[in-house]
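Asker: Return a 3D structure for these sequence lines:
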Amino acid sequence: MKEASFFIDKMTCQACSSGIERSLKRKAFCHDIQVHLLSKKAHIVYDESQISLEQIFAFIHKMGYEPYLESHLHNRIAPRDSKPKTLANLNSLIESFDTRFLSRKRKLLISSIVCILVVILSWGEMFGIATLPSMWHFGVLLFLSLVVVHMGRDFYIRGFKALFAKNPNMDSLIAIGTTSAFLYSLKGAFMPHAHLYFDSVCVIITLVLVGKSIEERSKTEALQSASLLLHINQKMVQKVLTESAPSLSQAQIQSLPTQEIKQNDILKILPGEMIMVDGIVIEGSSHIDKAAINGESLPILAQKDDVVLSGSINLDSVLYIETIKSAKDSTLHKILELIQKAQESKAPIASLTDKIAGIFVPLVIFLALCAGAFWWGMRDFEFALSIFVATLVISCPCALGLATPMAILHAQAIAHKMGVFFKDSKAFQTLSEITHIVFDKTGTLTQGLEIKTIKNLSSHTEQEVFNLAYTLESTSVHPISSAFASHALAHNATLYPIADSQNIIGKGIKGTIQDCEYVIGNIDILPPHLANSTHIQDDKVTLFLATNDEILALFSLQDKLKIDAKTTLELFKKHNISSSIISGDNASNTKSIAHLLGITESYANALPEDKMQLLKDKSKQNKILMVGDGMNDAPALAYAHASMAFASSYDIATQSADIINYNENTISIYNAYALAKASIVNIKQNLVFAFCYNIAFIPLAMGVLGGFDIFLHPMFCAFAMSLSSLSVVANAARLKKFKLIKSKEQK
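Answerer: Predicted coordinates for the structure are as follows:
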């Protein structure tokens, strides 16, 4: 089996994409295929021993669509045409003319102007406007109608191809209806007083062109918004050639495509440029904008030894970075993969529309034939033809097909702006259904340690004992040292000269300050006579600062809550969503954090298998969202109904989760849930409208209220059909007004 991804152009509705899927799935060579309407992308698994990709393309082309590889985006190679050479050459000539001179806007403009002329000529007599002699009148109407028909020629080409391939779509309905009316109108050449439908043909085509133009523009905007990071103008980076260069600023520069950058390369990042590969700053300092990655609007200062992520924008001055990953393993590349995968996926709620699309158009054609036959028997052929055309034209499979993907696209765009990336469309639906959240503690609800209290047991001042402790901790990169560094910034601490510092794994640090040896750490670092004399009973982490003779001070540390953790849990409680904490940390720390957050259920000293078992137990009565960030969370993340991982160095965690969160604020968890909920509500609204529209208007067009002399004119039906699609598009666009709750750090 072989896999291939490609694009399919000229799809107009859900019946198109589902029709291609059904046709290929019936073939023995096709193991699986998925076609996405909005992104126009298809992914197929096929037996290459039975068929080639070129033959698959030819099969799709016969159905009226245009498949092509991404590499042929600007130079598409059309499949060999099986038509007679003269006809193929004529068609090629017409397509070449249209491509060069008739853009979509021009087609719409010409069709609109000519349509107005046709309506004036057709209805002029009614309003006292002079008309041409009968044959001249017919000839001018015929010519002008042919102009409009040519503007909508794609409807006929795609529609009849799909019909002959036994997969009729919306274009088929337009093509059958307007062709029937046009052919019937031709008898006016032989019967001067026959009723002409040229005006209906022109108005229908023009209205559909207008609707499709607005619809395509909306789809394009939604795709571009959701794929903002996919449209990166800068694709070349400046690699610094350090060989024999006295300094980085004097080294030669080589411009290379991003994908050729490897780990440990040196890159020069100019102001205004995007950082394309993750790296460490080795020279320079500058503010960088990480909004594209984590949604944070405030720039941060990047200095020597700081890690900078790809996707960030360098704002102020030149930075030199050493890459810590290759381009394909960097943050930006992974985000782009997430976006592409999400756009190509389908939400479970969309499966209903796929099934309906398979029978919708054939059913409409059957109903139109039945209605036409009935009214031919009841009245006359002209009236029956009007009913037949009206029934075909008013039905709208597009509204059904657009209901889900348009809403998901807008939701993805909002999620990306806040630094949250859904791996697929299904994740929106699963997240919207949760009833309970299981939080890992460290890294999700807390952000490292902070010094809570300092107990001074010596004759030194509290500032002096802290300075001693801070000096010792400054020689380490342990998370505990970060707590001392943060405290030092707020309390004007001073570093003393230190000698012979040594980190003792699992115990602490020792070093010589002012000719005296000091230690800081847990009870195990103390000399035995001091360790035996102390009795610490505290819920917090306790560090001892001591000499060989006495304990100078006790430092009590505790987990530091993320600034929005409590607000986030309160918001979830308003939706009757309960929470629990499960952590590998000790019981006292875990219970302390749970108490601060108002969580009654907490589980400590948990191994990965313990987290998995808890989820299994709770899943019996709840739909669980698991939120974590570490390797030990991976099994639980993979098992949960919905899962979110905070982006970290642990790839296994992010691979196991449905949603990746590059925004460290806990409020983004709630925003993601609220957005998922709003998008699913929007989809349901779209589907209800689309179903109700078709259920209500198709019978009306068939003439079910004919007993009350209520009938729908084909021109009104074309207007209603276009309006129904646009209504779904407009409703989905309302998601752009979705209000994110800001973090306290952003206010």
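Asker: May I have the beta-bridge partners of residue 420?
Answerer: Beta bridges link residue 420 to residue 661 when assigned by DSSP bridges.
Asker: OK, contacts around it?
Answerer: 295, 659-663, 668, 671-672 (CB atoms under 8 Å, 6 or more residues apart in numbering). Just so you know, the C-beta spots here come from the backbone N, C-alpha and C atoms, and that holds for glycine as well.
Asker: any chance of those residues in CSV, plus distance to residue 518 and neighbour count?
Answerer: Formatted as CSV, these follow (distance: CB to CB, whole Å; neighbours: other CB atoms under 10 Å):
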residue, distance to residue 518, neighbour count
295, 44, 23
659, 47, 27
660, 44, 21
661, 41, 27
662, 41, 25
663, 40, 21
668, 42, 26
671, 47, 27
672, 47, 28
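Asker: and the gap between the spatially most central residue of the chain and residue 434?
Answerer: What sits nearest the mean C-alpha location of the chain, by CA atoms, centre = their mean, is residue 412, with 3.4 Å. Residue 412 is 19 Å from residue 434, where distance means CB to CB, to the nearest Å.
Asker: With residue 148 instead?
Answerer: 52 Å.
Asker: Helix, strand, or coil at residue 557?
Answerer: Using DSSP: H, G, I helix; E, B strand; the rest coil, the structure places residue 557 in strand.
Asker: I'd say it and residue 480 touch.
Answerer: Yes. If you go by CB atoms under 8 Å, residue 557 and residue 480 touch, sitting 6.7 Å apart.
Asker: Show me the common contact partners of those two, please.
Answerer: Joint contacts of residue 557 and residue 480 (CB under 8 Å, 6+ apart) are 449, 541, 543.
Asker: Look at residue 160 and say how many residues are nearby.
Answerer: The number of residues packed near residue 160 is 17, by other CB atoms under 10 Å.
Asker: On the three-state scheme, it is what?
Answerer: Applying three-state DSSP: residue 160 is helix.
Asker: the strands in the stretch 101-250 of the chain, which residues?
Answerer: 236-241 (DSSP state E, counting those that start in this stretch).
Asker: Which stretches in it count as helices?
Answerer: Under the criterion DSSP state H, counting those that start in this stretch, helices of the stretch 101-250 of the chain are mapped to 104-123, 134-151, 153-164, 170-185, 198-226.
Asker: ok now the third one, how far from the chain's centre?
Answerer: Right, the one you point to is helix 153-164. Put simply, helix 153-164 sits 32 Å off its chain's centre (CA atoms, centre = their mean, to the nearest Å).
Asker: Next: the first one.
Answerer: The chain centre lies 39 Å from the centre of helix 104-123; the measure is CA atoms, centre = their mean.
Asker: which outside residues touch it?
Answerer: By CB under 8 Å, 6+ apart, helix 104-123 touches 102, 129, 131-132, 137, 140-141, 144-145, 147-148, 151-152, 196, 198-199, 202-203, 205-206, 209-210, 213, 216.
Asker: Likewise for the second one?
Answerer: Applying CB under 8 Å, 6+ apart, the external contacts of helix 134-151 come out as 102, 107-108, 110-111, 114-115, 117-118, 121-122, 131-132, 156, 178, 182, 185-186, 188-189, 192, 196, 198, 201-202, 205-206, 209.
Asker: so residue 610 touches residue 582, yeah?
Answerer: Yes. Between residue 610 and residue 582 there is a contact under CB under 8 Å: 7.3 Å.
Asker: Do I have it right that residue 361 meets residue 166?
Answerer: No. Residue 361 lies out of contact with residue 166 (CB under 8 Å); the separation is 10.8 Å.
Asker: Only the buried residues of stretch 151-170, if you could.
Answerer: 151-163, 165, 167-170 (16 or more other CB atoms under 10 Å).
Asker: Where does residue 454 fall, secondary structure wise?
Answerer: strand 446-456 (DSSP states H and E).
Asker: From the contact counts, what lies against that strand?
Answerer: If you count contacts as 3 or more CB pairs under 8 Å, 6 or more residues apart in numbering; DSSP states H and E, strand 446-456 packs onto helix 462-473, helix 479-490, strand 551-561.
Asker: now those as JSON lines including mean neighbour count and mean pLDDT?
Answerer: Below are the helices and strands packed on strand 446-456 laid out as JSON lines (neighbours: other CB atoms under 10 Å; pLDDT from 0 to 100):
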{"stretch": "helix 462-473", "mean neighbour count": "21", "mean pLDDT": "94"}
{"stretch": "helix 479-490", "mean neighbour count": "16", "mean pLDDT": "88"}
{"stretch": "strand 551-561", "mean neighbour count": "20", "mean pLDDT": "89"}
